[in-house]
Structures are given as structure tokens and as C-alpha cells.
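Engineer: sequence first, predicted coordinates after that:
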Amino acid sequence: MKIKQSEFVISAVGPSQFPEDGIPEVALAGRSNVGKSSLINKMLLRKNLARTSGQPGKTQTLNYYKINGDGVLYFVDFPGYGYAKVSKTEREAWGKMIERYLRGREPLKLVLQLVDLRHPPSAEDQRMYQWLSHYEIPMAVVTTKADKVSRSQWPKHIKIIRQTLGMPGHVPLVLFSSETGQGRDELWSLIIKSAEI
Ligand code: GTP
Ligand code: MG
């Protein structure tokens, strides 16, 4: 994918703010700090279009990023789950918004579920994976921060992640690093195929 242009469109707090142009959407889910915003920046070759931070829980709305002008693709950056300092009420409100989006959003073509390559998926990662599978939402798992694990250890970590999530072999898994660009081409191929762009 040749990125000619990319721009932030909107931080949507609810469905009334979602774009109505029908452009395909790829959403990113994963716990706070896993690297969702960094992945968007790497895919778009932008330094800081999607705001990243060492401070978890920064992204609290559905943030839309548009690629190559009208009619191509949106990335939708989700609020990270699993951030303990957020109140229960806030967490439930996010949960409802995300659930409604994932189940009812017609232009949604693919959900990328991000998990940290270094660690076995958390109980929340497992719940998210099972939920997406249950509703048969097209998805792929992206394992982030691959640069923090030595190459020789990659197969072992991938095996643990597939096993912990209970991923059948046909569900794609892409090994990714926003630092090195590892997995970027592979992920673009997957997105292009899934979104039919
Ligand atoms: P929330 O918006 O809080 O949900 O977090 P997020 O998932 O968007 O994470 P973000 O992209 O902000 O990254 C969190 C931290 O991890 C930042 O300090 C990033 O620099 C770092 N990080 C993200 N991806 C990578 C990666 O591939 N490798 C390394 N080494 N660090 C990464
Ligand atoms: Mg973020």
C-alpha cells in the first residue's frame, strides 16, 4: 500500500459521530499500552499522528484516521482495555460503545486484536478474543513489540499466544514491531485483502 496521505478525522464518543461515507474500516483492539496507536503510526509512516504515550489509558474515544483521501480506508483506534485506574462506570460505558460498534458497524471489515508478544495473553485478551470469535467478526491477532523478544524465541512466544487464546490455525497472526517495521508489509497485505481495497 502506498501511503500518499493520512489524516486524523474525529474522536467519536458515540455512533452519531461515526463517518457516514461507507469507507471500509479496520479497528484496533487491545489492552492499554500494547501499542495500538504506535501501530497506526507505523502503518501510515507518521511519527505522531495517532497519539502515543507511556501513560496508559490515553485513548478514550474511537479515533478515526483516514488514509489516502476519500474512499480508501479508515483505521479506528480503540480505547485500551484493562486500565485499572479508570472507574467501573467509565469502563462499562466504553465496553458498551465498543460492543455496539463491533456488532453493528457495517463498514467494519477487520478487527486487529493486539497482544504483547512478550507475555501470555491476559484474561481480558482471552475474553476479547472469544467475544470476537463468538460473533464471527473477521479478525487477526497482531503480536506487538516483537523487537523486545529475540528472534530465536519468537516461535515459542507465538505458540503460547495461539494456545492461550485457543486460536485455530486459520486465524491469521502477524508478528509486529512499531520500532523496526517488522510485519508491516504482511499486515498491509492482510488489510488490503480483508477490506477488498
Ligand atoms: P492506549 O492508547 O493507552 O490504549 O495505548 P496504546 O495501545 O495506543 O499504546 P501506544 O501505542 O501508546 O504505546 C505504548 C508504549 O509502548 C509507548 O511508549 C510506545 O512507544 C511503546 N511501544 C509501542 N509499540 C512498540 C513496539 O513495537 N516496540 C517497542 N519497543 N515499544 C513499543
Ligand atoms: Mg493509544
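Structural biologist: Done, it's in. Ligands and ions are numbered 1, 2, ... in the order given.

Engineer: from here on, contacts and neighbour counts on C-alpha atoms
Structural biologist: OK.

Engineer: where does this protein have low pLDDT?
Structural biologist: Within the chain, the segments meeting pLDDT under 70 span 53-60, 82-85.

Engineer: all strands of it, in order?
Structural biologist: For the chain, the strands defined by DSSP state E cover 6-12, 25-30, 62-67, 73-77, 108-116, 139-144, 173-175.

Engineer: pull up the pairing partners for the fifth one, direction included.
Structural biologist: Partner strands for strand 108-116, per DSSP bridges, with pairing direction: strand 25-30 (parallel), strand 139-144 (parallel).

Engineer: minimum distance to Asn41: which of those has it?
Structural biologist: Nearest to Asn41, of all the strands paired with strand 108-116, is strand 25-30, at 12.4 Å by C-alpha to C-alpha.

Engineer: now that closest one, how far from the chain's geometric center?
Structural biologist: The chain centroid and the centroid of strand 25-30 are separated by 4 Å under C-alpha atoms, centre = their mean, to the nearest Å.

Engineer: do I have it right that Met139 meets Leu112?
Structural biologist: Yes - assessed by C-alpha atoms under 8 Å, Met139 is found in contact with Leu112 at 5.7 Å.

Engineer: can you put the strands paired with strand 108-116 in a markdown table and add distance to Leu165?
Structural biologist: Below are those laid out as a markdown table (distance: least, C-alpha to C-alpha, whole Å):
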| stretch | distance to Leu165 |
| --- | --- |
| strand 25-30 | 13 |
| strand 139-144 | 10 |
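
Engineer: need the contact list for Leu132.
Structural biologist: 138-139 (C-alpha atoms under 8 Å, 6 or more residues apart in numbering).

Engineer: that older thread, mind putting the strands of the chain into a markdown table with mean neighbour count and distance to ligand 2?
Structural biologist: Output for these, formatted as a markdown table (neighbours: other C-alpha atoms under 10 Å; distance: least, C-alpha to the ion, whole Å):
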| stretch | mean neighbour count | distance to ligand 2 |
| --- | --- | --- |
| strand 6-12 | 16 | 12 |
| strand 25-30 | 24 | 9 |
| strand 62-67 | 22 | 9 |
| strand 73-77 | 25 | 7 |
| strand 108-116 | 22 | 12 |
| strand 139-144 | 24 | 13 |
| strand 173-175 | 21 | 19 |
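
Engineer: which parts of whichever helix in the chain runs longest are buried?
Structural biologist: Taking DSSP state H as the criterion, the chain has its longest helix at helix 88-104. For helix 88-104, the neighbour count (16 or more other C-alpha atoms under 10 Å) marks 91, 94, 98, 101-102 as buried.

Engineer: neighbours around the residue nearest to Gln182 when sequence neighbours are not counted, how many?
Structural biologist: Nearest residue to Gln182, sequence neighbours excluded (C-alpha to C-alpha, 6 or more residues apart in numbering): Phe176, at 5.1 Å. Using other C-alpha atoms under 10 Å, Phe176 is surrounded by 25 other residues.

Engineer: any idea how far Pro107 is from Phe176?
Structural biologist: Per C-alpha to C-alpha, to the nearest Å, Phe176 is found 25 Å from Pro107.

Engineer: thanks a lot, see you next time.
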